[in-house]
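Peer 1: Fold the following.
(one chain, ligands or ions: 1)
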Amino acid sequence: MLLDAGGNCVGFLMPAVRSSRELPSIYHPRLRKKNAPGFNWYYLHVTALNTAWIIQAIHEKGYVLGDIKPQNILVNDRALVAVIDTDSFQVRDSKTGKVYRCTVGSDGFTPVELLGKDFSTTDQTEICDRFRLAVLIHYLLFGYHPFSGEWTGAGESPDQTELIRKGLWYDGNNSLIRPSQTTIPLDVVHPEIKRLFLKCFNDGHSSPKLRPTAEDWHNVLQVAVNDLTICGKVDSHHHSRSYGKCYWCERKAKLGVDIFPGATVESITTVSPKVFVADDQDCTQVSQLSLNSLALTNKKWKTASIVGITCILVLTAITLGGQLLSPVNSRAAVRNSGVMMALAAGITGFITSHYLQKLPNTHPAKKKGVTNSIVGIACALAVVAIVFVGSLLSPVNSRAAVRNSGVIMALAAGITGFITSHHLQKLKIKP
Ligand SMILES: [Zn+2]
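Peer 2: Residues are numbered from 1 along each chain as shown. The predicted structure is shown next:
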């Protein structure tokens with residue numbers, strides 16, 4: 001938790017989300033082929049499982065996500081999931097009971113009971129999220145929205161919002177939407193997954209509270225993941241044992257399309273989700289869970305530090321070598337050495353300062369880092385000045401003075417390097 005000088009909460013630190021992509025990149029067959037060809041149906045199941053798990057954890061804390069949509073969920077190569085855009089969560093202040101509402105929603109993810117409502121005056125419950133989660137899981141396992149298919153009614157098909165309002169989806173009771181030729185039958189998923197989809201979109205249409213909870217999805221997806229098996233023909237095909245055969249091979253033979261073409265999969269895993277809670281703290285609102293503020297990694301810092309220090313040492317070596325090789329009587333060489341030293345100090349200063357600027361203002365190390373960077377650079381410059389003046393004052397014909405200047409330069413570089421490196425170590429962001 002970050003506090004300002006007056007002890008007020010101004011935010012908090014959390015791990016950066018790295019190397020992750022938005023969900024459409026993995027469930028949309030064309031995007032998946034381009035961006036993540038190794039992500040097969042097993043991976044998609046685990047992503048769905050981890051998504052349900054994280055949403056379950058958020059619900060248990062009393063929050064409503066409100067704006068669940070594929071672009072707000074990031075997934076990495078290990079199928080670990082992160083929820084972003086959390087500033088739109090609906091939050092209830094545990095002390096005053098005041099509700100900070102979610103005022104945004106996304107087409108296709110708004111449940112029937114919220115259609116046409118003014119979000120700024122409507123309190124939501126996690127039951128609204130249950131519909132959104134089911135749509136999201138459907139996207140992950142099938143690649144498209146459940147309220148889509150072939151319209152069999154009169155005239156043009158109503159838009160998706162209208163279909164949701166009327167409860168018309170491809171496996172609905174007496175639905176005017178039926179599966180199209182490319183629709184993947186609901187039977188290919190584990191029977192328990194199918195049951196939850198039917199319960200959510202059929203029973204849950206008229207009685208929203210009957211929709212499966214995030215915990216229900218979590219439990220059932222766990223069973224479904226364990227039920228998956230690899231097809232004997234294509235190593236990237238995974239199918240439910242309960243379906244009895246490889247649907248993807250069957251589909252390829254029927255449609256000539258394979259949405260999971262052969263490729264190897266990354267090692268993937270599940271992990272207990274972490275929810276950062278502000279309601280125990282003296283804060284009236286959940287601070288923004290900014291994912292970008294700490295994007296600056298330790299790795300980058302180390303690289304910059306190494307580049308800066310190497311820079312100084314190389315220039316020092318060049319200067320020192322150059323002086324020893326220069327004519328004995330050479331005041332100019334001493335001056336040049338001063339110029340090069342100043343250059344080295346300048347480059348280090350620039351690199352250090354450049355990366356310090358990128359650190360968020362709220363970062364506790366920033367002020368200290370800047371101070372120490374200035375001290376380090378001032379140190380280097382002072383030594384440079386002393387050497388420079390000393391060299392000018394030394395006898396004209398003095399190889400020894402040149403050598404001494406080299407030694408002092410190396411010392412200056414060493415001190416700067418030590419100070420920079422010492423303080424860069426302290427910038428390490430602890431999880
Ligand atoms: Zn197969």
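Peer 1: ok, now how distant is residue 210 from the ion?
Peer 2: 35 Å (CB to the ion, to the nearest Å). C-beta here means a position set from N, CA and C on the backbone, and glycine is covered the same way.
Peer 1: One more: residue 90?
Peer 2: Counting by CB to the ion, the separation of residue 90 from the ion is 43 Å.
Peer 1: repeat for residue 378
Peer 2: Separation of residue 378 from the ion (CB to the ion): 67 Å.
Peer 1: Can you tell me the SS state at that residue?
Peer 2: helix (DSSP: H, G, I helix; E, B strand; the rest coil).
Peer 1: What about it, how many residues nearby?
Peer 2: Counted with other CB atoms under 10 Å, the neighbours of residue 378 add up to 13.
Peer 1: how about the strands of the stretch 151-300 of the chain, start to end?
Peer 2: Here the stretch 151-300 of the chain has its strands, by DSSP state E, counting those that start in this stretch, at 177-178, 228-230, 238-240.
Peer 1: Buried deepest among these, which one?
Peer 2: Neighbour counts (mean count of other CB atoms under 10 Å) averaged over each of these peak at strand 238-240, with a mean of 22.
Peer 1: For it, give the mean pLDDT please.
Peer 2: Mean per-residue pLDDT for strand 238-240: 96.
Peer 1: Is the ion within reach of it?
Peer 2: No: Strand 238-240 stays out of contact with the ion when judged by CB under 5 Å from the ion, the minimum separation being 6.8 Å.
Peer 1: other SSEs contacting that strand?
Peer 2: helix 41-60, strand 228-230 (3 or more CB pairs under 8 Å, 6 or more residues apart in numbering; DSSP states H and E).
Peer 1: do that again at 7 Å, thanks
Peer 2: Applying 3 or more CB pairs under 7 Å, 6 or more residues apart in numbering; DSSP states H and E, we find strand 238-240 packed against strand 228-230.
Peer 1: Close to the ion: what parts of this protein are there?
Peer 2: 231, 233, 234, 237, 246, 248, 249.
Peer 1: okay, now the spatially closest residue to the fifth one that is not a sequence neighbour: neighbour count?
Peer 2: Just to be clear, that refers to residue 246. Of all residues not flanking residue 246 in the chain, residue 231 sits nearest, at 3.8 Å (CB to CB, 6 or more residues apart in numbering). Using other CB under 10 Å, residue 231 has 18 other residues around it.
Peer 1: Check the contact between residue 231 and residue 240; I expect there is one.
Peer 2: No: when contacts are counted by CB atoms under 7 Å, residue 231 is not listed as touching residue 240 (11.2 Å).
Peer 1: rewinding a little: including distance to residue 137, could the strands of the stretch 151-300 of the chain go into a markdown table?
Peer 2: A markdown table is the format used below for these (distance: least, CB to CB, whole Å):
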| stretch | distance to residue 137 |
| --- | --- |
| strand 177-178 | 19 |
| strand 228-230 | 15 |
| strand 238-240 | 15 |
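Peer 1: coming back round to it: how about the contacts made by the residue nearest to residue 246?
Peer 2: Shown in contact with residue 231 (CB atoms under 7 Å, 6 or more residues apart in numbering): 237, 239, 246, 248, 249.
Peer 1: Next, it: phi, psi?
Peer 2: phi -70, psi 150 (degrees, to the nearest 10).
Peer 1: Need the residues that contact stretch 127-141.
Peer 2: Under the criterion CB under 7 Å, 6+ apart, residues 23, 27, 44-45, 47-48, 51-52, 55, 59, 64-65, 68, 70, 108-109, 111, 114, 145-146, 189, 197, 200-201, 204, 208-209, 211-214, 217 lie in contact with stretch 127-141.
Peer 1: State the mean pLDDT of that stretch.
Peer 2: pLDDT averaged over stretch 127-141 gives 98.
Peer 1: got the CA coordinates for it in CSV?
Peer 2: Extracted in CSV, the C-alpha atoms of stretch 127-141 (Å, rounded to 0.1, in the frame of the first residue of the first chain):
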residue,chain,number,x,y,z
ILE,A,127,-25.8,-12.9,-10.6
CYS,A,128,-25.4,-10.4,-13.5
ASP,A,129,-21.7,-11.5,-13.8
ARG,A,130,-22.8,-15.1,-14.0
PHE,A,131,-24.3,-14.5,-17.4
ARG,A,132,-21.2,-12.6,-18.6
LEU,A,133,-19.0,-15.4,-17.4
ALA,A,134,-21.0,-18.1,-19.2
VAL,A,135,-20.7,-16.1,-22.4
LEU,A,136,-17.0,-15.7,-21.9
ILE,A,137,-16.5,-19.4,-21.3
HIS,A,138,-18.6,-20.2,-24.4
TYR,A,139,-16.3,-17.9,-26.4
LEU,A,140,-13.3,-19.8,-25.0
LEU,A,141,-14.5,-23.3,-25.7
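Peer 1: What segments of the protein are helices?
Peer 2: For the chain, the helices defined by DSSP state H occupy 24-27, 29-35, 41-60, 126-142, 160-166, 191-198, 204-206, 214-227, 247-255, 298-325, 331-358, 364-393, 399-426.
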